[in-house]
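Peer 1: just need the structure, nothing else, for what follows:
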Amino acid sequence: MEKTRKQYRMIIIGILVVMGLILSGLYVYFLSQIQETYQRYASQSILDAKKTFLEDTVNNVIGRIGQIKAEEQLRLGFDHPDVDEAVKRRIYLEIHGYQFSNDAYIWVNEVIDYAGGADYAIRRIHPNMKDTEGMYLSTDMTDIAGNLPYLTELEGIKEDGELFFNYFFKKKGLDVVSEKITYAKLYEEYDWIIAMGVHLDDVQAYVTQSTEASKEQIRQVLFFVVAMTAVLIATAMLLLSYLERWYFKHTNIVLKSEAYKDPLTGVFNRRAGELELKKAFEEYRLLGDASAVFMLDIDDFKKINDKYGHDRGDAVLRTIADDLNKHIRNTDILSRWGGEEFLLICHGLKQEDIAPFTDKLLRVVRDASPGCGLHAANEMITISIGVSAFIAEDGIAQDAVKRADKALYQAKALGKNRAVLLLSGEDTQAG
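Peer 2: As a prediction, the model looks like this:
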């Protein structure tokens, strides 16, 4: 039996270790996936925000051209030949006056030949390189990476009237070339391609910064996982303890047979009670699991037999035993010790829970009185209870029974219908 118990415990511990390793591996894997996904989506979110900013700014400039044109038409007259030149001059000055962070700016190229090639467009406005304004552009021009940004821009404009595209360009005032994303849109009335671009080298810096900010959250998640793992292990150990009790309770098939049942009351008989008492004591010595031992005796039972006869007395025993059995836990063992006396063994019952438990048992018996068939309306059946538990000084299980029996006599002497707890020879608590 002891070998089986050890094997059973080792199997459960092995399962817990394997589960812990699996959970740890899954946690590391999913954490890396989360970080990778977070960085990817953070980069995409920043890029989307930049694209929205570029598109909105260019559209605002186009809207501003319309406002300026309406103002100039009112000032000069709708058909005045200088309206468009006045509009172009004013928008030129406004664009040069715009201030953006991160080396961002707006520029305007006027398309001369939509077929492309050399001199297909003129650079009309470029705040960062004013000295290049008025120069001709070619779709054959390349950036440092060999891309053809002007050709890409022109083809996108011809196809959709607008586009986003990437190319490499030197940062203002620095000998640093980085990738830019640009939004360009055609203002057909003037054949203007109005564009705005921003460098992308700050995206990774933003992602790194946001990743650093998320590390504290990751640490909190890690703490939560560790705490949950500890709770899981604690729960598993409690389950292990419960399964051990269940195993040793339910593998004792003989204890459940009719040979170990009291024929009158249906609860376990004394032989079964002694076997269960011995097993509980062995578990206490091996695992330290304390069990409370109760001796219960029906008060003045002889008077009931004398007054109503033994048949009625037997009915009272059956009723009391049945009601007590209904109000104890599944792991508790109630056995008829002899006559009107019962032994109750409660596995793992804590000392602070004994008093409420005995109060319940006393109440259960009193409430059962009307169903016992006694004639007098004021006749009430009560019990007295003596309680003890296994202690380190016990040599055998019967030492705890003797203390419980002694406590029972004290309960009788104190007036019956009560419980007395006796954990040692002198430690007494009455209830």
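Peer 1: avg pLDDT for stretch 74-81?
Peer 2: Averaged over stretch 74-81, pLDDT sits at 89.
Peer 1: and that stretch, how far from the chain's centre?
Peer 2: 70 Å (Cα atoms, centre = their mean, to the nearest Å).
Peer 1: next, the distance between the ends of that stretch.
Peer 2: End-to-end distance of stretch 74-81 (Cα to Cα, to the nearest Å): 13 Å.
Peer 1: okay, buried residues for it please.
Peer 2: For stretch 74-81, burial by neighbour count (16 or more other Cβ atoms under 10 Å) applies to no residue. No exception for glycine: its C-beta is placed from N, CA and C like everyone else's.
Peer 1: outside of it, which residues touch it?
Peer 2: Applying Cβ atoms under 8 Å, 6 or more residues apart in numbering, the contact partners of stretch 74-81 are 73, 82, 83, 86.
Peer 1: OK, contacts around the second one?
Peer 2: By Cβ under 8 Å, 6+ apart, residue 82 lies in contact with residue 76.
Peer 1: please enumerate the strands of the protein.
Peer 2: Along the chain, counting by DSSP state E, strands occupy 105-111, 121-125, 136-137, 162-170, 177-187, 192-199, 291-298, 333-338, 341-347, 383-389, 419-422, 428-430.
Peer 1: quick check: mean pLDDT across the fourth one?
Peer 2: Confidence over strand 162-170, taken as the mean pLDDT, stands at 88.
Peer 1: next one: that strand to chain centre, how far?
Peer 2: When distances are taken as Cα atoms, centre = their mean, strand 162-170 is centred 45 Å away from the chain's centroid.
Peer 1: that older thread, to residue 315, which of the strands of the chain lies closest?
Peer 2: strand 291-298 (12.4 Å; Cβ to Cβ).
Peer 1: flag the shaky bits of the stretch 151-300 of the chain, pLDDT-wise.
Peer 2: Where the stretch 151-300 of the chain drops to pLDDT under 70, the residues are 172-175, 202-223, 226, 240-241, 244-258.
Peer 1: residue ranges of the helices in it, please?
Peer 2: Ranges of helices in the stretch 151-300 of the chain, per DSSP state H, counting those that start in this stretch, are 203-250, 253-256, 270-287.
Peer 1: identify the residues contacting residue 53.
Peer 2: residue 198.
Peer 1: helices of the stretch 301-431 of the chain, start to end?
Peer 2: Under DSSP H, counting those that start in this stretch, the stretch 301-431 of the chain gives helices at 301-308, 310-326, 351-368, 398-413.
Peer 1: kindly reformat these as a markdown table containing distance to residue 388, mean pLDDT and mean neighbour count.
Peer 2: Converted to a markdown table, the helices of the stretch 301-431 of the chain look like this (distance: least, Cβ to Cβ, whole Å; pLDDT from 0 to 100; neighbours: other Cβ atoms under 10 Å):
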| stretch | distance to residue 388 | mean pLDDT | mean neighbour count |
| --- | --- | --- | --- |
| helix 301-308 | 22 | 89 | 15 |
| helix 310-326 | 18 | 91 | 17 |
| helix 351-368 | 10 | 92 | 16 |
| helix 398-413 | 4 | 95 | 20 |
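Peer 1: turn these into TSV, including distance to residue 332.
Peer 2: Converted to TSV, these look like this (distance: least, Cβ to Cβ, whole Å):
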stretch	distance to residue 332
helix 301-308	23
helix 310-326	9
helix 351-368	10
helix 398-413	14
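Peer 1: if we can go back for a sec, any chance of the strands of the chain in CSV, plus mean neighbour count and distance to residue 310?
Peer 2: Converted to CSV, the strands of the chain look like this (neighbours: other Cβ atoms under 10 Å; distance: least, Cβ to Cβ, whole Å):
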stretch, mean neighbour count, distance to residue 310
strand 105-111, 21, 111
strand 121-125, 19, 118
strand 136-137, 16, 121
strand 162-170, 17, 102
strand 177-187, 20, 102
strand 192-199, 23, 103
strand 291-298, 25, 14
strand 333-338, 21, 16
strand 341-347, 23, 16
strand 383-389, 26, 19
strand 419-422, 25, 28
strand 428-430, 14, 32
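Peer 1: just to revisit the earlier point, among the helices of the stretch 301-431 of the chain, which is nearest residue 137?
Peer 2: Closest among the helices of the stretch 301-431 of the chain, once you apply Cβ to Cβ, is helix 351-368, at 90.0 Å.
Peer 1: okay, angle between that closest one and strand 341-347 too, please.
Peer 2: 140 degrees (axes from the mean of the first three to the mean of the last three Cα atoms, to 10 degrees).
Peer 1: quick one: contacts of helix 351-368?
Peer 2: Contacts of helix 351-368 (Cβ under 8 Å, 6+ apart): 292, 294, 296, 298, 319-320, 323-324, 327, 346, 349, 380-383, 385, 387, 389, 417-419, 421, 423, 429, 431.
Peer 1: then that helix to PDB, C-alphas only?
Peer 2: Extracted C-alpha coordinates of helix 351-368, given in PDB (Å, rounded to 0.1, in the frame of the first residue of the first chain):
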ATOM      1  CA  GLN A 351      -9.800  22.900  15.400                       C
ATOM      2  CA  GLU A 352     -11.500  26.300  14.700                       C
ATOM      3  CA  ASP A 353     -14.300  24.500  12.800                       C
ATOM      4  CA  ILE A 354     -15.100  21.900  15.400                       C
ATOM      5  CA  ALA A 355     -17.400  24.100  17.500                       C
ATOM      6  CA  PRO A 356     -19.600  25.200  14.600                       C
ATOM      7  CA  PHE A 357     -19.700  21.600  13.400                       C
ATOM      8  CA  THR A 358     -20.800  20.200  16.800                       C
ATOM      9  CA  ASP A 359     -23.400  22.900  17.200                       C
ATOM     10  CA  LYS A 360     -24.800  21.800  13.900                       C
ATOM     11  CA  LEU A 361     -24.900  18.100  15.000                       C
ATOM     12  CA  LEU A 362     -26.600  19.000  18.200                       C
ATOM     13  CA  ARG A 363     -29.200  21.000  16.300                       C
ATOM     14  CA  VAL A 364     -29.800  18.200  13.800                       C
ATOM     15  CA  VAL A 365     -30.600  15.800  16.600                       C
ATOM     16  CA  ARG A 366     -32.900  18.200  18.300                       C
ATOM     17  CA  ASP A 367     -34.700  18.900  15.100                       C
ATOM     18  CA  ALA A 368     -35.100  15.200  14.500                       C
END
